[in-house]
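A.B. asks: okay, here's the prediction I keep looking at, along with the sequence it came from:
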Amino acid sequence: MSAAAAMALAARSRPVRLVVFDCDGVLIDSEGIAGRVTAAALSELGWIMTAADCQARFLGMSLADMCGAIAAERRAPLPPGWEPGLAARLAAALGREAVLVPGAAAALAGVAALGLDWRVASNSGMAELAAKFACTGLTALVDGRVWSAETVIARGGRGKPAPDLFLAAAASAGVAPAACVVVEDSLPGVRGAVAAGMTCLGFCPGDEGTALRAAGAVPFHDLAALPALLAEGMTA
């Protein structure tokens with residue numbers, strides 16, 4: 001358990017009432033797959049990138065923001081249909097290959113055992129999310145709990161790093177932002193959670209989480225330890 005995360009949750013002024021999970025990299029191990037598919041699509045445009053390059057460059061971004069960044073970098077508009085085509089390729093690959101992040105199932109079960117409500121808030125599109133949840137067996141469990149940047153943007157909002165996605169998830173549960181804890185692994189996600197006025201736990205299983213901490217998250221390293229951490233914040 002991260003001592004710093006436990007202390008931060010215990011020091012909250014309001015008890016935790018809602019947990020908002022990011023999807024990619026927190027619940028579902030999909031970022032490497034997405035990087036590979038995106039790298040292949042970019043190579044077809046003449047921009048040669050590796051899967052690792054794509055993952056590092058676009059981690060946590062919505063498809064719309066990523067495509068905007070690609071067009072800006074190329075100094076040329078993307079070909080007609082390129083963005084929806086990439087969305088379809090991502091959904092197809094993730095629907096075949098996505099797996100749960102180690103500890104994710106235990107984290108969800110533990111949050112439910114604590115009696116805490118929870119939501120998923122993701123910059124991924126709804127078709128991609130549906131494919132990932134189906135592949136990992138989470139479809140029934142997440143039904144009615146998922147918020148996508150695609151949905152928020154359609155309502156005039158913005159995806160991460162704007163706070164709109166997190167605020168929509170909290171509103172759907174009838175919980176004030178100050179009573180929410182967000183679990184994130186990307187800088188756009190952390191920045192969105194902080195802007196929403198929510199405590200953010202930065203999931204960083206492979207490093208010390210220095211960048212996430214600098215953005216305002218409290219790092220922790222083991223999803224299976226999450227329920228015990230959250231219990232610290234339920235009696236604030």
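C.D. replies: Structure's in. What do you need?

A.B. asks: list the contacts for the spatially most central residue of the chain?
C.D. replies: With distances taken as C-alpha atoms, centre = their mean, residue 22 lies nearest the centre of the chain, 2.7 Å away. By C-beta atoms under 8 Å, 6 or more residues apart in numbering, residue 22 lies in contact with 60, 120-122, 182-186, 189. Just so you know, the C-beta spots here come from the backbone N, C-alpha and C atoms, and that holds for glycine as well.

A.B. asks: neighbour-wise, which of those residues leads?
C.D. replies: residue 189 (35 neighbours; other C-beta atoms under 10 Å).

A.B. asks: per-residue pLDDT, that one?
C.D. replies: Per-residue pLDDT puts residue 189 at 97.

A.B. asks: and for the one 4 residues further on?
C.D. replies: The predicted structure scores residue 193 at 98 on the pLDDT scale.

A.B. asks: what's the helix or strand containing it packed up against?
C.D. replies: Per DSSP states H and E: residue 193 is located in helix 187-195. Counting contacts by 3 or more C-beta pairs under 8 Å, 6 or more residues apart in numbering; DSSP states H and E, helix 187-195 is packed against helix 164-173, strand 180-184, strand 199-203, helix 210-215.

A.B. asks: ok, 6 Å please
C.D. replies: strand 180-184, strand 199-203, helix 210-215 (3 or more C-beta pairs under 6 Å, 6 or more residues apart in numbering; DSSP states H and E).

A.B. asks: just the CA trace of the lengthiest helix in the chain, in CSV.
C.D. replies: Using DSSP state H, we find that the single longest helix of the chain is helix 82-97. The C-alpha coordinates for helix 82-97 follow below in CSV (Å, rounded to 0.1, in the frame of the first residue of the first chain):
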residue,chain,number,x,y,z
TRP,A,82,-9.1,8.6,-41.6
GLU,A,83,-10.4,9.3,-38.1
PRO,A,84,-13.4,7.0,-38.2
GLY,A,85,-11.3,4.4,-40.0
LEU,A,86,-8.8,4.4,-37.2
ALA,A,87,-11.6,4.2,-34.6
ALA,A,88,-12.9,1.1,-36.4
ARG,A,89,-9.4,-0.5,-36.5
LEU,A,90,-8.9,0.2,-32.8
ALA,A,91,-12.2,-1.3,-31.8
ALA,A,92,-11.6,-4.4,-33.9
ALA,A,93,-8.1,-5.0,-32.5
LEU,A,94,-9.1,-4.3,-28.9
GLY,A,95,-12.2,-6.5,-29.2
ARG,A,96,-9.8,-9.4,-30.0
GLU,A,97,-6.9,-8.7,-27.7
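
A.B. asks: mind listing the strands the helix or strand just after it pairs with, and their directions?
C.D. replies: Per DSSP H and E, helix 82-97 leads on to strand 99-100 as the next helix or strand towards the C-terminus. According to DSSP bridges, strand 99-100 has the following sheet partners: strand 28-29 (antiparallel).

A.B. asks: chain center to the strand it pairs with: distance?
C.D. replies: In terms of C-alpha atoms, centre = their mean, to the nearest Å, the centre of strand 28-29 is found 10 Å from the chain centre.

A.B. asks: which parts of the helix or strand following that strand are buried?
C.D. replies: Per DSSP H and E, the first helix or strand lying C-terminal to strand 28-29 is helix 31-44. Neighbour counts over helix 31-44 (16 or more other C-beta atoms under 10 Å) mark 31, 33-39, 41-42 as buried.

A.B. asks: sorry, back to before: reformat the helices and strands packed on helix 187-195 as TSV; add distance to residue 145 and mean pLDDT.
C.D. replies: Output for these, formatted as TSV (distance: least, C-beta to C-beta, whole Å; pLDDT from 0 to 100):
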stretch	distance to residue 145	mean pLDDT
strand 180-184	14	97
strand 199-203	18	97
helix 210-215	24	96
